[in-house]
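Student: Fold the following, please.
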Amino acid sequence: MKNFGPFVEETIEFDRFQQQSLFLISGKTGAGKTTIFDGMCYALYGVTSGDERQGKEMRSAFAQPDSPTEVTFTFEHQQHTYQLKRTPEQELLKKRGSGTRVQPSKISLKVYDASGKELQEYSKTSEVAALITELLHLNAKQFAQIVLLPQGDFRAFLTATSDNKEQLLRNLFGTDFYRQWSEWLKNEAKQTHKQLEAVMQRLQGKLDQTELALPGVTVAEQLLALEQAQAIHQEQLTHLEAEQLTRFQAMEAAQQVLQQAERLTEWYQEQSKRQAQQAQLELLRPEQEQRLERIKELEWAGQQEALLAKTTESRLAVTKRQATVANLLEKLPLAQAVVAEKTATLAKLQEQETEMQAQKNEAQRLQELLPRFQQQSVLLEQQRELQQAAARDQQLLATLAITGPTNQELAQAQANVYAAREQEQEVARMAEKWQALAQQRDQWQQAMTGLAKTPIATVKKQLVQQKQRATEAELEKTKRQSAWAQAQIARLAKDLLPGTACPLCGSLEHPQPAVATEVEEQTEARFQQAEAAWQAATAEVARLETQYANLKAAYEEKSQELARQQTAWLAEWRDFKKRYPQLQSEPAELQAELQAQLQTAEKTQQAAAATLLELEQAADRAQAQEVQRQELTERSQQRTLQLAQLAGELKSLATQLPPTSQAEVLAKVKALQATYQKWEQAYAEAQQTLQEASATATRLEVEITAEQKELTAALVTKELQEEKVTAVLNSRQLTETTLQSWLTALPQLPELREAAADYQQQVALTNQRLAELQQKIAQQPQPELAPLEAAVTTARNLWQEQQERYLTEKNRYDRNQRIFEEVSAGLAANQAEWAQMAELQQLADVASGNNPLKTGLERYVLQAYLQEVLRVANQRLGQLTHGRYQFLLNAEAGSYKNQSGLEIDVYDDNAGASRSAHTLSGGESFIAALALALALAEVIQAQAGGVAIEALFIDEGFGSLDEESLEMAMEALESIETEGRMIGIISHVRELKERIPQQLQVITSGTGQSRVEYKV
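Tutor: Residues are numbered from 1 along each chain as shown. So this is what the prediction gives:
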């Protein structure tokens, strides 16, 4: 053990005690005696012997930061040697650089053959865990229980209650799943009962809605009473329905009599009404006769309407023709006056025609001179432009001066360009060097970013999820254990014999022994599959833990490498600053400074190049100015010749034009043209007006002749029509005015005809209806309705009262019947559940110990284990006590469950009777506890696959023994020693130090550190 607990670096060599296999492990309290076994358990299983501390918590407080904690355990098994080395997760100094890093847990298992040759090495936690389980067939808890026997606990175990024994044995034999299954049965029965009670309460709530609910009576009994009451109620409903029908028929008969009387009364009333109507019609007969006479007059007037209309039309035609002739005669003199006026105007305009033609010719002559005025203007403009151009050329010649740069100025400008270009290249080299440094820095920073993306968090999350799956797999394993336990119960039930007590419920009769729902081998196989799945999930957890640790280590290593890269980069940066002292910025701003300098150098180079270009351009301009001066001189001479030519042309043109200006000539042309156009337009208008006036006068004369002819014809027609009208009126001795009034009243004719027809129809209908009523009434007297109506009301009230009673009882019957059917269905639906609940409750009572033997399923199973332990222990106890004592399991039920099932008695051969283990003396109880502890170890080994453990350690239990008891204990231990098994006693009792010469002493230094010494 290195830096493990109080040990700096200690090697415990148990093979030194092989010759004398009984030895003592002594030391002060807290010196580290138990830490030795913590180291063995941690090396094998990764946990301490008490499973109270993690491996990383065992790191010594005084360990150096660079010294790791580790445990190496070497043991032999089946002619092979195994060397197991395990280190916990711990924080150590980094191998390179400063600071610390967390080193993940590691494991290594090497296997050697008998000759010492290495056969195999395992470095994965899952592989090592699987191999240890395959070798020892023990888990960490079982290993600690077998190798390290807490003797004091077993002495207390002898006299403990059955409940306390059950807790210890549960941990030793792993029967907790029986308890869990029993608790599950109990809770399931309770929950099922609660659900069924809720159903019964709901059914009772429905029964409470009836008036037949019986407090304190079961739902089934209340349902039977309700069924009987419904049968009686049905008979009552039949009687009520018949009575209701009788009263309804009586009401209908009374209503029929009343209806007949009401019809007769209506006939009498209508007869009186019709007779009054007949008398009223007789009073209206004179009015009807006048109406008929008026109809005849209007019908005759309608026949004469067309004749009178034609006469009126002829009269209107004559009047219209007379008005038209008068109008035309009035217009004709006016038209003739217009003709005379327009003839005089046209004659006057014809007298002005010669003068107007002369003005037109003068305008044409002046119009022909206008282009020459335009030619003169163009020549004058050309003369002015040539004079201005000549003046400009003279001014330009005066300003031209041949100047240019010297050769020395051009050479200096060229040198400045070369210097600026060299400066720009120097800055570019600095920027290139910095770019390389910046690229290194970016790569380093990208590596840092990539490092931050290391999937540590993902693996950690997978680890958490896998731990959850491992927990679920463990729950599934527990469930399969429960099923396997049920199969075992069924197997035990098959072995029950009639007349023998059931070990679970105590019954002597077994009408329905438990039957396995599945073959026991199947449940055991499924349990093994679930256990394998759990182990695989646990192994995956270990794999993920290793992966997480490896990722974490790689992360730290990469961090160190990046730190070295950062240091190297800083050295190069300092060299860069030293080489280019003109740079003042830090790395973050250096790129901007270099860019600014590069821009400045570029601007300087551009300015020098611009200056050189400007000088070169000035030289070019001086040469160009000389060429331009020569061109201007030649052009000036040409323009002088052109001006002389233009002057000659202008002089010739002036002789051809009048002394007036072009504007005056143009104004005169426009005035002459306007005067001629005005006369020409007036002449044309006078001709047009004269033609129109002459045509109008002629048309009026023609129209007057035609209208006078039409007027004569209209007068003849009018006289003929008036003669016809006079003849018709004389035939009836009427005036035309009377006939006209009758024609005006013609729209009244349809209304008069309708009124006459309506009167005649009313008279006919009234006479017909009076005859019908007289026939219906015959000799029947007029009835009185009041007594008959009272009889109908009485009959209706009696029927409605009976109907209301019937409907009330019918609704009550229907409601109770619906409740009866719902409750019946509810009881039938839950009958199977009640039976299952009863069976489940019975099974839960048996499994929980609510039976005459007060023994539950788990305690029954533990009885079998304890019987086996006592059987093995009796072999040891008989040897140690020379045949005096034997263990017995008390089969009697105690007063309470915590005192039943696991109580241990001791049969005393000297007394010939059994007694409680409480009566043993100190030495006897130590021997009994030792035998019991050794037996437990052997049974657990057998349960674990028969692995042979050749070394046992007994922890304490000796300090409370007196001298005689201690002597008995030593004799017992010495007798066990002869069996060839190595036994180590952990104690600080002085007497043991004196009696046991072979010792492993754990010695403290007073500073928290311990060391070991051997005394052989």
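Student: Which residue ranges of the stretch 501-650 of the chain form helices?
Tutor: Read by DSSP state H, counting those that start in this stretch, the stretch 501-650 of the chain holds these helices, from start to end of the chain: 520-579, 587-654.
Student: whoops, the stretch 101-250 of the chain was the one
Tutor: When secondary structure is read from DSSP H, counting those that start in this stretch, the stretch 101-250 of the chain shows helices at 125-136, 140-147, 151-159, 162-173, 176-207, 219-283.
Student: circling back to that earlier point, kindly reformat the helices of the stretch 501-650 of the chain as TSV containing mean pLDDT and distance to Trp799.
Tutor: (Each C-beta comes from the backbone N, C-alpha and C, glycine too.) TSV is the format used below for the helices of the stretch 501-650 of the chain (pLDDT from 0 to 100; distance: least, CB to CB, whole Å):
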stretch	mean pLDDT	distance to Trp799
helix 520-579	76	76
helix 587-654	75	109
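Student: closest one to Arg871 among those?
Tutor: Comparison of the helices of the stretch 501-650 of the chain against Arg871 by CB to CB identifies helix 520-579 as nearest, at 24.2 Å.
Student: related to what we said a few turns ago, what's the least confident stretch among the helices of the stretch 101-250 of the chain?
Tutor: Lowest mean pLDDT of the helices of the stretch 101-250 of the chain: helix 151-159, a mean of 63.
Student: Setting aside sequence neighbours, what's the nearest residue to Asn816?
Tutor: Nearest non-adjacent residue to Asn816, counting by CB to CB, 6 or more residues apart in numbering: Thr210, 5.1 Å away.
Student: Next up, the contacts around that neighbour.
Tutor: When contacts are counted by CB atoms under 8 Å, 6 or more residues apart in numbering, Thr210 touches 226, 815-816, 819.
Student: For Gln357, the count of nearby residues, please.
Tutor: Residues near Gln357, counting by other CB atoms under 10 Å, number 11.
Student: Centre of the chain to whichever strand or helix holds it, how far?
Tutor: Under the criterion of DSSP states H and E, Gln357 resides in helix 353-399. Centroid displacement of helix 353-399 relative to its chain, using CA atoms, centre = their mean, to the nearest Å, is 94 Å.
Student: again, but for stretch 912-925
Tutor: On CA atoms, centre = their mean, the centre of stretch 912-925 falls 73 Å from that of its chain.
Student: just to revisit the earlier point, columns distance to Gln875 and mean neighbour count on top of the helices of the stretch 501-650 of the chain, output as JSON lines?
Tutor: Output for the helices of the stretch 501-650 of the chain, formatted as JSON lines (distance: least, CB to CB, whole Å; neighbours: other CB atoms under 10 Å):
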{"stretch": "helix 520-579", "distance to Gln875": "30", "mean neighbour count": "16"}
{"stretch": "helix 587-654", "distance to Gln875": "85", "mean neighbour count": "13"}
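Student: Mind putting those helices into a markdown table with distance to Val665?
Tutor: As requested, the helices of the stretch 501-650 of the chain are arranged in a markdown table below (distance: least, CB to CB, whole Å):
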| stretch | distance to Val665 |
| --- | --- |
| helix 520-579 | 95 |
| helix 587-654 | 14 |
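Student: ok, Leu308 - contacts?
Tutor: For Leu308, the residues meeting the contact criterion (CB under 8 Å, 6+ apart) are 725, 736, 739-740, 743.
Student: Please tell me how far it sits from Ala727.
Tutor: Look at Leu308 and Ala727: by CB to CB, to the nearest Å, they are 13 Å apart.
Student: Repeat that for Thr11.
Tutor: In this structure, Thr11 and Ala727 are 172 Å apart, going by CB to CB.
Student: got it, and Lys552?
Tutor: 143 Å.
Student: swap in Gly46?
Tutor: Gly46 is 152 Å from Ala727, where distance means CB to CB.
Student: related to what we said a few turns ago, same list (the helices of the stretch 101-250 of the chain) but as a markdown table, adding distance to Gln54 and mean neighbour count.
Tutor: Converted to a markdown table, the helices of the stretch 101-250 of the chain look like this (distance: least, CB to CB, whole Å; neighbours: other CB under 10 Å):
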| stretch | distance to Gln54 | mean neighbour count |
| --- | --- | --- |
| helix 125-136 | 14 | 18 |
| helix 140-147 | 13 | 20 |
| helix 151-159 | 24 | 19 |
| helix 162-173 | 20 | 19 |
| helix 176-207 | 23 | 16 |
| helix 219-283 | 60 | 14 |
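Student: Pick the one among the contacts of Thr210 closest to Lys190.
Tutor: After measuring these against Lys190 - CB to CB - the closest member comes out as Ile819, at 29.5 Å.
Student: count of residues packed around the closest one?
Tutor: Taking other CB under 10 Å as the neighbour definition, Ile819 ends up with a count of 21.
Student: same check, this time on the one 4 residues further on
Tutor: For Val823, the tally of surrounding residues (other CB under 10 Å) stands at 23.
Student: show me what contacts it?
Tutor: Remark: with contacts taken as CB under 8 Å, 6+ apart, Val823 is in contact with 203, 206-207, 219, 223, 226.
Student: what does stretch 290-306 rub up against?
Tutor: 728, 732, 739, 742-743, 745-746, 748-749, 752-753, 755-756, 759.
Student: switch the cut-off to 7 Å
Tutor: Identification of contacts with stretch 290-306 by CB atoms under 7 Å, 6 or more residues apart in numbering yields 728, 739, 742-743, 745-746, 749, 752-753, 755-756.
Student: Just name the closest of the residues you listed to Phe37, please.
Tutor: When the contacts of stretch 290-306 are ranked by distance to Phe37 (CB to CB), Ala755 comes first, at 138.0 Å.
Student: For Pro747, see how far away the closest one is.
Tutor: 14 Å.
Student: Using the centroid of the protein, identify the residue furthest from it.
Tutor: Glu351 (110.3 Å; CA atoms, centre = their mean).
Student: roughly how far apart are that residue and Ala301?
Tutor: Shown here: Glu351 relative to Ala301, a distance of 76 Å by CB to CB.
Student: Report the contact partners of Tyr82.
Tutor: With contact taken as CB under 7 Å, 6+ apart, Tyr82 is in contact with 75, 109, 111.
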